[in-house]
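> I'll drop the sequence and a predicted model, then ask my questions.
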Amino acid sequence: MKQASGALLSAIKLDRNSRRSISVQLYMALRDIILSGGLRTGDRLPATRTLAREAGVSRTTVIDAIDRLAAEGMVVSRVGAGTFVSETLEHQRTPAELHASQPRRDIAPRLSAIVAGGERSYASRTWLPHEARAFVTALPALDAFPMAHWARLSARHLRGNRGAVMGYGQPKGLEALRKAIAVHLGAMRGIKCDAEQIFITCGAQHAFSLIGRLFLNPGSKVWMENPGASGARNALISEGAEIVPVDVDEEGIVVSDGLAKAPDFRLAFVTPSHQQPLGHVMSLQRRFELLKAAEAARALIIEDDYDGEFYYGNVAQPALCSTDTEDRVMYVGTFSKSLFPALRLGFVLVPERMIAAFDRMFQLWASGPSTATQAIVADFMDEGHFATHIRMMRRLYKARYEALMEAATCLPGTLRVRETIGGFHTCADLAAGIDERRVVSEAGERGVILAPLGRYCLVPQGRSGLVFGFGTATPEDIQRGMRILRDLPALR
């Protein structure tokens, strides 16, 4: 160490290809050296000219990094003497030093009663790779997204009024976006609504949590489709729900099964337009049964329409809320499937009688997504890009679905892929005796991602199956993936 001219810091490495500026990299490197004990209290840093020469950067860059450290109180400058590690760090010790001097204590944090109890009921959410390959579920065709239009709209707003895009924004969401969503729901889903009924959320999961927080008490019974959407299930459990698994058949949720198990239910969660994950469409008769049961129990219904825009026929399946005459259905939508997941943008459409309650919640403690993001999506919809994108995605997903059905003919007898009328996933039934988890494991080892049907079940269904996503896989990916499945030992 050269104490006369400051510590020798030649270990600092700067990556000129990094997205981080050189100044930020230098600051972070110096900060890490100080916190890890490489520089102790009172140690002198090299002169800015010396450090600039040794690091191969400008003196201005070094001064900027030192100023950041000084602002945090980690270093102090003395006129005529130099820059030194602050004495305020004298009694501060790193985690590594603490572990070295004290016995480790693996004490779990104290969780709330709801979360601690809920952990026993949470659905398994084993993380699946979300990248473009066969047969990843829940991921749209990112390669077909109109990024040029999006970039242009983004630049327009980021160059515009700073107060409009950098402030807190309206509690219930940007009015322009709420109006655009109302127009979209009326034109594409046949739902008549007003922008005041729409509340913008950080995705569908956020909407489910807020609904549970507003309407559920600890132990409130919630009907949940079985098999069904595990993410929504976990969100409601975290709000104190007692989940009641209700069977699903070709017509949708079996209302008679729900009434037999929990006639006093407080909430029902359903995916009527494209059941998750089986793909069934709830029949009109079953919809009326559900609405009648909810009215009798004075219960509410969450309608999750996660991919309702993507249907292959000429007419979209009607939304459950469009047949609700008793104001019991809350309609939840998301842009994760129609645009892209990283937006973290969704909404909930509530009956008029619930507007005041939701307004209070959003004003008091519920915060939504970035105002800039909402503004970009609003313009994307108002300028017609959203409708154009949806139409193109329908054609694309239909072509990929047809490629999947054709490729699946190479596995007769062991796997039967179910037909679907929309979305970008479908289920496949496995022949008796085939272990779905073994198939998933062997496929994963060969680069093919599948989800076992059991992953969506609260209680065992007595059947084995797989969930195939085809939204992000090209026809070539689909054919290649099916050839790999054909050769799996588990499917022979």
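Good, I have the coordinates.

> which residues of the stretch 201-350 of the chain fall in helices?
Using DSSP state H, counting those that start in this stretch, the helices of the stretch 201-350 of the chain run over residues 204-215, 230-237, 255-261, 284-297.

> and for the stretch 1-150 of the chain?
22-35, 48-55, 59-71, 95-101, 113-118, 147-158.

> right, so of the ones you listed, which gets closest to Leu185?
helix 147-158 (21.3 Å; CB to CB). C-betas here are computed from N, CA, C, even on glycine.

> what mean pLDDT does that closest one get?
Averaged across helix 147-158, pLDDT comes to 94.

> now for it, which elements pack on it?
Secondary-structure packing of helix 147-158 (3 or more CB pairs under 8 Å, 6 or more residues apart in numbering; DSSP states H and E): helix 162-166, helix 371-382.

> got the CA positions of it in PDB?
Extracted C-alpha coordinates of helix 147-158, given in PDB (Å, rounded to 0.1, in the frame of the first residue of the first chain):
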ATOM      1  CA  MET A 147     -41.700  -2.200 -31.000                       C
ATOM      2  CA  ALA A 148     -41.200   0.700 -33.400                       C
ATOM      3  CA  HIS A 149     -44.700   2.200 -32.600                       C
ATOM      4  CA  TRP A 150     -44.100   1.600 -28.900                       C
ATOM      5  CA  ALA A 151     -40.700   3.400 -29.000                       C
ATOM      6  CA  ARG A 152     -42.200   6.400 -30.800                       C
ATOM      7  CA  LEU A 153     -45.000   6.800 -28.300                       C
ATOM      8  CA  SER A 154     -42.600   6.300 -25.400                       C
ATOM      9  CA  ALA A 155     -40.300   9.000 -26.700                       C
ATOM     10  CA  ARG A 156     -43.200  11.400 -27.200                       C
ATOM     11  CA  HIS A 157     -44.300  11.100 -23.500                       C
ATOM     12  CA  LEU A 158     -40.800  11.100 -22.000                       C
END
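
> can you offset everything so residue one is 45?
Yes, from this point I'll number from 45; that puts the last item at helix 191-202.

> which of the helices and strands packed on helix 191-202 has the lowest average pLDDT?
Of all those, the minimum mean pLDDT falls on helix 206-210 (a mean of 81).

> need the residues that contact it.
His201, Leu202, Ser414, Thr415, Ala416, Ala419 (CB atoms under 8 Å, 6 or more residues apart in numbering).

> contacting residues for the fifth one?
Put plainly, it is Ala416. If you count contacts by CB under 8 Å, 6+ apart, then Ala416 has Ser198, His201, Leu202, Val209, Met210 around it.

> and for the last one?
If you count contacts by CB under 8 Å, 6+ apart, Ala419 has them with His201, Ala208, Val209, Leu218, Ala220, Leu221.

> one more pass at 6 Å, please.
His201, Leu218 (CB atoms under 6 Å, 6 or more residues apart in numbering).

> kindly report the same for the first one.
If you count contacts by CB under 6 Å, 6+ apart, His201 has them with Val209, Ala416, Ala419, Ile420.

> what's the closest non-adjacent residue to it?
Ala419 (5.0 Å; CB to CB, 6 or more residues apart in numbering).

> how near is the one you found to Met425?
Ala419 sits 11 Å away from Met425, going by CB to CB, to the nearest Å.

> over to Gly323?
For Gly323 relative to Met425 (CB to CB), the value is 27 Å.

> more neighbours, those two?
Met425 (21 against 18; other CB atoms under 10 Å).

> local confidence estimate at Glu333?
The model's pLDDT for Glu333 equals 97.

> so what's it closest to, chain neighbours aside?
Closest to Glu333 by CB to CB, 6+ apart is Val299, at 4.3 Å.

> count of neighbours near the one you found?
23.

> can I assume it is in contact with Ala337?
Yes - using CB atoms under 6 Å, Val299 is in contact with Ala337, at 5.3 Å.

> residues contacting Arg462?
Thr470, Cys471.

> how close does it sit to Asp348?
20 Å.

> my read is that Gly263 contacts Glu286, right?
Yes - between Gly263 and Glu286 there is a contact at 5.2 Å, judged by CB under 6 Å.

> could you tell me the end-to-end distance of stretch 490-499?
20 Å (CA to CA, to the nearest Å).

> for it, buried residues please.
Neighbour counts over stretch 490-499 (16 or more other CB atoms under 10 Å) mark Val492, Ile493, Leu494, Ala495, Pro496, Leu497, Gly498, Arg499 as buried.

> equivalent analysis for stretch 498-507, please.
Here stretch 498-507 shows Gly498, Arg499, Tyr500, Cys501, Leu502, Gln505 as buried, counting by 16+ other CB under 10 Å.

> neighbouring contacts of the helix ranked longest in the chain?
Counting residues, the longest helix found in the chain (DSSP state H) is helix 429-451. Contacts to helix 429-451, defined as CB under 6 Å, 6+ apart, come from residues 185, 188, 193, 353-354, 356, 424, 468, 514, 519, 522-523, 526.

> what angle sits between that helix and helix 415-426?
80 degrees (axes from the mean of the first three to the mean of the last three CA atoms, to 10 degrees).

> for the stretch 395-536 of the chain, what spans make up the strands?
Using DSSP state E, counting those that start in this stretch, the strands found in the stretch 395-536 of the chain span residues 459-461, 469-474, 495-496, 509-513.

> of all these, which one is nearest Thr105?
strand 509-513 (46.4 Å).

> by contact count, what packs against the closest one?
strand 469-474 (3 or more CB pairs under 6 Å, 6 or more residues apart in numbering; DSSP states H and E).
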